[in-house]
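[1] Dropping a prediction and its sequence here:
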Amino acid sequence: MKQSMRGVLTAISSVMMFLPWTIFIVRENAWALESPAAEIVIGSYAAYMIFAGVFTFGVYMKGRVQNSLMKICLVVNELYAVAGVMALVMMTVGKVM
């Protein structure tokens, strides 16, 4: 893989690391706190965090992009992915019970 492509993939993973924090800005709106919208927002962010974790893991392992910044992105995005799975599980269990 070309060096420029590795830089682009590292930049994408870096941006993916900070996007989940925008949920705090979204949740300041009154409409985001009401029941159907809140579930959609949380579910969307959880799905995004899972996607970011899978994407970063794939780029790190299969794409062999293994620089220092990518290692940080890998750890953070995998923690986000675990949190996203937990959020989806809690939302599902809440609906079932």
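    Arrived safely.

[2] Quick one: mean pLDDT over stretch 43-63.
    The average pLDDT within stretch 43-63 is 96.

[3] Same check on stretch 77-92?
    Mean predicted confidence for stretch 77-92 is 96.

[4] what packs against the stretch of helix or strand Gly94 belongs to?
    Using DSSP states H and E, Gly94 falls within helix 68-96. Under the contact definition 3 or more C-beta pairs under 8 Å, 6 or more residues apart in numbering; DSSP states H and E, helix 68-96 sits against helix 3-18, helix 35-61. From N, CA and C alone the C-beta is placed, and that goes for glycine too.

[5] Now do it and helix 3-18, the angle between them.
    Counting by axes from the mean of the first three to the mean of the last three C-alpha atoms, to 10 degrees, helix 68-96 points 40 degrees away from the direction of helix 3-18.
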